[in-house]
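> Okay, sequence plus prediction incoming.
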Amino acid sequence: MTDRATLPLRTTLLLKLLLVNLPVIVLAMFVVWWAIDQLAADYFTALMQEYDIAPDTTHAMFLEAVNRYLLWAALLALLLATVFSLLLTRQVLKPLRAMQDATRQVSAGHYAVRVPVTTSDELADLGRAFNRMSEALERNEYLRRKLVADVAHELRTPLTNLRGYLEGVADGVVAADQRTLALLQGELMRLVRLVDDLHSLTEAEAGSLRLDREDVDLVALVQRELELARPVIEAGGILVSRDLSAGSGRIHADPDKLSRILRNLLENACRFTPREGRIIISGRRSGDRVRLEVANTGATIPAADLPHIFERFYRVERARSRETGGAGIGLAIVRELVEAHGGQVGASSEDGWTRVWIELPERLAAPS
């Protein structure tokens, strides 16, 4: 059914208000008529007989007058109900029309629209809820467009490099030697890592991650990740030290996801630690939670940027360029994986030290 085939909102609301008032009017008039017919008429007849007046003609005139005035009263009540319903309809429909127009615009993709809220009744609550929904849709649309733009930008550089080298090889300008193949493989692996990171981040944000929980030796896990990162650490001349308390040894978590968290934290620390700088990995237990912290020397992150470093594709421009700062997804993945475990993340940066910490529950709550 199209909009033309349906009644206007004003007409339907007016009819509903009249249908609500009509039974009340009819019931009131029936009660008045019954009371007059059964009580007043009998009292009037008895009064006429008391004064020796023939009641027949007078009684008929009395009933006729009463019925006539009742009919006029009913018509007047219906008229007043219609007038008041019109006034109420106009008052109610003004914000509803605004919300109806705003809904059409939102459905067409214009998420910046808002409805004015000038009252404090239920319609105002509905208007505020609608505005909150529009704000959320607008922000989600902004994030979607930003994600598409960021992904396109991240993919453009390695794809451009691959295309340039391949065209050079095809034209005979670049030799297809071992060095060229190594460069092509490096750009290809950069693409593979970016796609894998995006896939992991999408899974985590969608809440579709599966956690295979088991008891994990945190000390052994840290040692294994340090061994894997040893070439990068030694190449940068970085001094790494550990301060893992005895109480932080075991935790109930997904070992693969926990390894990914530690790997991303270490990669992030190694990337921004200057040559011959320091990295300290510390862990301790507080109540039923385990806190792991990775601290590194290097440029101090401005306080205004700290709350955003766990956002995808976010970079602190002064210290993290696209050439040295990776794709800007590593810490976003850390946050999503930690939150999937029921934990929290945080960071601080002062006096030449940047500290990124995670807090995980000792044991995860059983899935509902």
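Yes, it's here. Treat the numbers as computed from the prediction; the structure is a model and nothing was measured.
> how many other residues sit next to Y142?
11 (other Cβ atoms under 10 Å). The C-beta positions use only the backbone N, C-alpha and C, and glycine is treated the same way.
> same question, L266
L266: 23 neighbours (other Cβ under 10 Å).
> Surely it and Q223 touch.
No: counting by Cβ atoms under 8 Å, L266 does not reach Q223; the two are 11.8 Å apart.
> Quick check: what element follows the helix-or-strand element of the chain with minimal mean pLDDT along the chain?
Counting by mean pLDDT, DSSP states H and E, the weakest-scoring helix or strand in the chain turns out to be helix 41-50, with a mean of 64. For helix 41-50, the following helix or strand on the C-terminal side (DSSP states H and E) is helix 55-107.
> before we move on, which element is the residue minimising distance to the centre of the chain in?
In the chain, the centroid-proximal residue (Cα atoms, centre = their mean) is A136; its distance is 6.1 Å. Using DSSP H and E, A136 maps to helix 122-171.
> tilt between the helix or strand that that helix is followed by and helix 122-171?
Downstream of helix 122-171, the first helix or strand assigned by DSSP H and E is helix 178-205. If you take axes from the mean of the first three to the mean of the last three Cα atoms, to 10 degrees, helix 178-205 sits at 170 degrees to helix 122-171.
> Which neighbouring elements make contact with helix 178-205?
On a contact count with 3 or more Cβ pairs under 8 Å, 6 or more residues apart in numbering; DSSP states H and E, helix 178-205 meets helix 122-171, helix 330-340.
> out of those, deepest packed?
helix 330-340 (a mean of 22; mean count of other Cβ atoms under 10 Å).
> Return the alpha-carbon coordinates of that one using CSV.
Below are the C-alpha coordinates for helix 330-340, written out as CSV (Å, rounded to 0.1, in the frame of the first residue of the first chain):
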residue,chain,number,x,y,z
GLY,A,330,48.4,-3.3,16.0
LEU,A,331,47.2,-1.6,19.2
ALA,A,332,43.6,-1.6,17.9
ILE,A,333,43.8,-5.4,17.7
VAL,A,334,45.3,-5.5,21.2
ARG,A,335,42.4,-3.6,22.6
GLU,A,336,39.8,-5.8,20.9
LEU,A,337,41.5,-9.0,22.0
VAL,A,338,41.9,-7.9,25.5
GLU,A,339,38.3,-6.7,25.8
ALA,A,340,37.2,-10.1,24.3
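> Can you list the helices and strands that it packs against?
With contacts defined as 3+ Cβ pairs under 8 Å, 6+ apart, the packing partners of helix 330-340 are helix 178-205, helix 255-272, strand 344-350, strand 353-361.
> quick one: which of those is nearest R284?
R284 lies closest to strand 353-361 among the helices and strands packed on helix 330-340, at 10.4 Å (Cβ to Cβ).
> isn't there a helix covering V294?
No: counting by DSSP: H, G, I helix; E, B strand; the rest coil, V294 is located in no helix; its state is strand.
> from what I can see it touches S348, true?
No: under the criterion of Cβ under 8 Å, V294 is not in contact with S348, lying 11.9 Å apart.
> neighbour-wise, which of those two wins?
Neighbours were counted for V294 and for S348 using other Cβ under 10 Å; V294 has more, 26 against 14.
> Who are the contact partners of that one?
265-266, 268-269, 279-281, 355-357 (Cβ atoms under 8 Å, 6 or more residues apart in numbering).
> P116 is nearest to which of the helices and strands packed on helix 330-340?
Across the helices and strands packed on helix 330-340, P116 has its closest neighbour in helix 178-205 (34.0 Å, Cβ to Cβ).
> quick check: mean pLDDT across that closest one?
What helix 178-205 shows for mean pLDDT is 79.
> Check the offset of that helix from the chain's centre.
Its chain's C-alpha centre and that of helix 178-205 lie 29 Å apart, by Cα atoms, centre = their mean, to the nearest Å.
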